[in-house]
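> Mind folding the following:
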Amino acid sequence: MANEINAKLILELKASGLSRNQIVANRHMSKHSVSDVINIAREKEITYEKVKHLSEDEVTA
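Got it, this is the predicted structure:
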């Protein structure tokens, strides 16, 4: 079973000031996955503030 990417958590950690490398190291996530989430969020102008009230399923839909 593949691990699911927790996009909301990545956005929250990024908003709290952690770097991509810190997120990868602290949460044992793939650097590629973290970068993908951050890049897509930036392209679509999605911030943690905009999605914090949504469920993870709503964020990744």
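
> In this structure, where is pLDDT below threshold?
1-3 (pLDDT under 70).

> Packing partners of the helix ranked longest in it?
Identified as the longest helix of the chain according to DSSP state H is helix 31-43. Applying 3 or more Cβ pairs under 8 Å, 6 or more residues apart in numbering; DSSP states H and E, one finds that helix 31-43 contacts helix 7-15, helix 20-27. For glycine as for every other residue, the C-beta is placed from the backbone atoms N, C-alpha and C.

> Just put these in TSV and tack on distance to residue 50 and mean neighbour count.
As requested, the helices and strands packed on helix 31-43 are exported to TSV (distance: least, Cβ to Cβ, whole Å; neighbours: other Cβ atoms under 10 Å):
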stretch	distance to residue 50	mean neighbour count
helix 7-15	9	19
helix 20-27	19	15
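
> With distance to residue 33 as added columns, please give those in TSV.
Shown next, in TSV, are the helices and strands packed on helix 31-43 (distance: least, Cβ to Cβ, whole Å):
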stretch	distance to residue 33
helix 7-15	8
helix 20-27	9
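
> Among the ones you listed, which comes closest to residue 57?
Distances from residue 57 to each of the helices and strands packed on helix 31-43 were compared using Cβ to Cβ; the minimum, 9.6 Å, belongs to helix 7-15.

> Quick one: residues in contact with stretch 26-46.
5, 7, 9-11, 13-14, 18, 20-21, 23-24, 47 (Cβ atoms under 8 Å, 6 or more residues apart in numbering).

> if we go to 7 Å?
The contact list for stretch 26-46 (Cβ atoms under 7 Å, 6 or more residues apart in numbering) reads 5, 7, 10-11, 14, 20, 23-24.

> one step back: buried ones in the longest helix of the chain, by neighbour count?
Applying a neighbour-count criterion of 16 or more other Cβ atoms under 10 Å, one finds 33-34, 37-38, 41 buried in helix 31-43.

> so residue 53, which of the three states?
The assignment at residue 53 comes out as coil when based on DSSP: H, G, I helix; E, B strand; the rest coil.
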